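# 3D model of this:
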Amino acid sequence: MADTTVSTKGQVVIPKEIRDRLGWAPGTSLEVEDRGDRVVLRQMRRVRRTTIDDLRGCLRYEGPPKTVEEMDEAVARGARDRR
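Here you go, the predicted structure:
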């Protein structure tokens, strides 16, 4: 176990041997979880971009098939309407 101190700015230095073992380079984004009497740090996972194939079959649609272009336009229109 390694010791560290909270600075006056609330910063904590994670010891180098731990950063090296976990592969945490400068700029690594960390998720902070409060567990009452302890804090857990975990590297943030990159979320894979969702494709139309990932969503196929999620929603029921009854009607003629839509083209990708028609679907893209509907998504763009919905985004514009929300602004």
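# got the contact list for the helix or strand containing Asp54?
Using DSSP states H and E, Asp54 sits in helix 52-55. Helix 52-55 has contacts (CB atoms under 8 Å, 6 or more residues apart in numbering) with 68, 71. C-beta here means a position set from N, CA and C on the backbone, and glycine is covered the same way.
# make it 10 Å
Residues outside helix 52-55 that contact it (CB atoms under 10 Å, 6 or more residues apart in numbering): 48, 68, 71-72, 75.
# got a markdown table for those, with secondary structure and distance to Lys9 too?
Converted to a markdown table, the contacts of helix 52-55 look like this (DSSP: H, G, I helix; E, B strand; the rest coil; distance: CB to CB, whole Å):
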| residue | secondary structure | distance to Lys9 |
| --- | --- | --- |
| Arg48 | coil | 35 |
| Val68 | helix | 50 |
| Met71 | helix | 48 |
| Asp72 | helix | 46 |
| Val75 | helix | 43 |
